[in-house]
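Asker: Here's a sequence, model it:
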Amino acid sequence: MKEKNKSGINAKAMIDHNRALVLRYLIDHGVASRADMAKETGLTAASISKITSTLLHMEVLQETDVFGGNRGRKAIGLSINPRRFKVVGVNFTRRSFSVGVFDLGGTLYDGHTEMISPTQGGIQCLRQIRSVIENCIAKYPEIAAIGMAVPGPYLKKEHRISIMTNAPEWQTVDFESEMQNIMGRPVFFEHDANAAAMAEWYYNADCADKSTLVYFMMDDGVGAGVVQNGAVFDGHKGYAGEIGHISIDVNGPRCQCGNYGCLELYCSAIEFVKEAQRGLAAHPKSSLNHLYNFDELDVFSAAKAGDSYAVELVERTGFCLGCGIINIIYAYSPSCVVLGGRMIGGGSLMMNSIMKTVRERMNPEILQGVQIVYSRLRNDPVFTGAATVAANQLLLNLSDYCDEEEEEP
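Answerer: Here you go, the predicted model:
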């Protein structure tokens, strides 16, 4: 018998939802009065009073110095107590992994990065990551949850990566069985682009409207994460947003995913460098010929210095990315598209090419009001996003982590 969609909201879920609403507001604003929170969240003053009283009792919130309120009245400010809870964020990539300790406001307290050897097995690598996390918990016992960002497509229901370019051995690794319940702390897994989208939704001040935000990740692979009103859009199997495997040339080369002419084959960091290497012989005057080995940053530097071949490469990649963004806008109708990953090193030259392509190929009425910006988060959005995934789950289920007072929904 097919399981029914359970969409009802019980009292506990409503209480946690309203608490999360208040805490998200404070994460976004830093300090606020109870009156401000009531006005901006839509909750009544009485509800805000009950919620903040409970959160103060839990020591999740702290009162701050008195500041000016409305009509000249004095108001006591509230902010998140950074000492009450911390979370661990793990960014796992094809080449390395990073483990960091964050507070609920996204501040990084401690970080550790290691390269992954091409000969290192998947199980061995995950156990190494687990050991680093255990060391973090020993140092910061207030850690309550762990978030891990992994490359996609990540099949959430099967707990494994479906395709990882140039690393097929990872497709059989069950992440949950190896990483669940580390020293009593829950572990939450998320596709890397979705994790970054959560970080941008929480912390990006450049987007005026974040009701539907898409993070377009341009790294070793290409993907997109979609967040609508604070919730990740997963799709049926958990790999929605795999823009990198949408074809932009049906007669193009075959991708490892089985499709032809995938966007990832034209504008990922790996393919960008391969394309630069393939064309060097036809461009003997390019400064890239003087480098024994180079990466995408060298190509970007050459383009900024006026190397015509490098400029051509960056502009061509910008065109392909623009085509990808057009697909994103038509598919998800976002209010904001944030571009991130190593390929944003193409800077204004690449952005100009992207915007030229988008404006030439889109209905202006559809494009109107859509912001397209580079990420400006201080830390890597995927790394911060992994911690944000854990923090978000903690906020949505706060009563599971705290002794609490009675509170009506």
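Asker: give me every residue that touches V60.
Answerer: The contact partners of V60, by Cβ atoms under 8 Å, 6 or more residues apart in numbering, come to 23, 80-81, 84-85, 398, 402. C-beta coordinates here come from the backbone N, C-alpha and C atoms, glycine included.
Asker: Quick check: which helices or strands does the helix or strand harbouring D36 pack against?
Answerer: Assessed by DSSP states H and E, D36 sits inside helix 34-41. For helix 34-41, the packing partners by 3 or more Cβ pairs under 8 Å, 6 or more residues apart in numbering; DSSP states H and E come out as helix 11-29, helix 45-57, strand 74-80.
Asker: list the buried ones in that helix?
Answerer: Buried residues in helix 34-41, counted by 16 or more other Cβ atoms under 10 Å: 34, 36-38, 41.
Asker: Include distance to S131 when you put the residues you listed into JSON lines, please.
Answerer: As requested, the buried residues of helix 34-41 are exported to JSON lines (distance: Cβ to Cβ, whole Å):
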{"residue": "R34", "distance to S131": "44"}
{"residue": "D36", "distance to S131": "44"}
{"residue": "M37", "distance to S131": "41"}
{"residue": "A38", "distance to S131": "46"}
{"residue": "T41", "distance to S131": "41"}
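Asker: Just the mean pLDDT for stretch 173-183, thanks.
Answerer: Stretch 173-183 carries an average pLDDT of 84.
Asker: mind listing what's buried in that stretch?
Answerer: Buried-residue list, stretch 173-183, by 16+ other Cβ under 10 Å: 173, 175, 178-179, 182.
Asker: what does stretch 317-327 give?
Answerer: Across stretch 317-327, burial judged by 16+ other Cβ under 10 Å covers 317-326.
Asker: what about K274, neighbour count?
Answerer: K274 has 12 neighbours, counted by other Cβ atoms under 10 Å.
Asker: helices or strands up against the one helix or strand in the chain whose mean pLDDT sits lowest?
Answerer: None of the helices or strands of the chain scores lower by mean pLDDT, DSSP states H and E than strand 154-155, at a mean of 76. Judged by 3+ Cβ pairs under 8 Å, 6+ apart, the packing partners of strand 154-155 are strand 160-161, strand 187-191.
Asker: Out of those strands, which is closest to V232?
Answerer: With respect to V232, and counting by Cβ to Cβ, the nearest of the helices and strands packed on strand 154-155 is strand 187-191 at 7.1 Å.
Asker: And the next helix or strand past the helix ranked longest in the chain?
Answerer: When the chain is parsed with DSSP state H, its longest helix is helix 308-332. Beyond helix 308-332 on the C-terminal side, the first helix or strand identified by DSSP H and E is strand 336-340.
Asker: what's the next secondary structure element after that next one?
Answerer: helix 347-361.
Asker: which residues touch that following helix?
Answerer: Where contact means Cβ under 8 Å, 6+ apart, the residues beyond helix 347-361 that reach it are 300, 303-304, 311, 314-319, 321-323, 325-326, 329, 339, 343-344, 367, 372, 374.
Asker: In it, which residues are buried?
Answerer: The neighbour-count check on helix 347-361 (16+ other Cβ under 10 Å) flags 349-351, 353-354, 357-358 as buried.
Asker: want to try a markdown table for the contacts of V60, with distance to S162 as columns?
Answerer: Converted to a markdown table, the contacts of V60 look like this (distance: Cβ to Cβ, whole Å):
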| residue | distance to S162 |
| --- | --- |
| L23 | 34 |
| I80 | 37 |
| N81 | 40 |
| R84 | 38 |
| F85 | 33 |
| L398 | 33 |
| C402 | 37 |
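Asker: what residue ranges in the protein score low on pLDDT?
Answerer: 1-10, 67-73, 152, 163-169, 236-239, 403-409 (pLDDT under 70).
Asker: Can you pull the domain assignment for it?
Answerer: 11-81, 86-197+383-399, 208-376 (automatic domain parsing).
Asker: coming back round to it: of the buried residues of stretch 317-327, closest to K74?
Answerer: Of all the buried residues of stretch 317-327, K74 sits closest to I325, with 47.8 Å by Cβ to Cβ.
Asker: what's near enough to touch the closest one?
Answerer: Residues near I325 by Cβ under 8 Å, 6+ apart: 216, 337, 354, 358, 372.
Asker: Just flag the most distant two among the residues you listed.
Answerer: Using Cβ to Cβ, the two most remote members of those are F216 and V358, lying 11.9 Å apart.
Asker: how about the helices in the stretch 51-200 of the chain?
Answerer: 122-139, 175-179, 192-203 (DSSP state H, counting those that start in this stretch).
Asker: How many residues are close by the residue lying closest to N327 once chain neighbours are set aside?
Answerer: Spatial nearest neighbour of N327, excluding adjacent residues (Cβ to Cβ, 6 or more residues apart in numbering): I246 at 5.6 Å. Residues lying near I246 (other Cβ under 10 Å) number 18.
Asker: Export the helices and strands packed on strand 154-155 to JSON lines and append columns for mean neighbour count and distance to D103.
Answerer: Putting the helices and strands packed on strand 154-155 into JSON lines (neighbours: other Cβ atoms under 10 Å; distance: least, Cβ to Cβ, whole Å) gives the following:
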{"stretch": "strand 160-161", "mean neighbour count": "22", "distance to D103": "29"}
{"stretch": "strand 187-191", "mean neighbour count": "24", "distance to D103": "17"}
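Asker: I appreciate the help and will end here.
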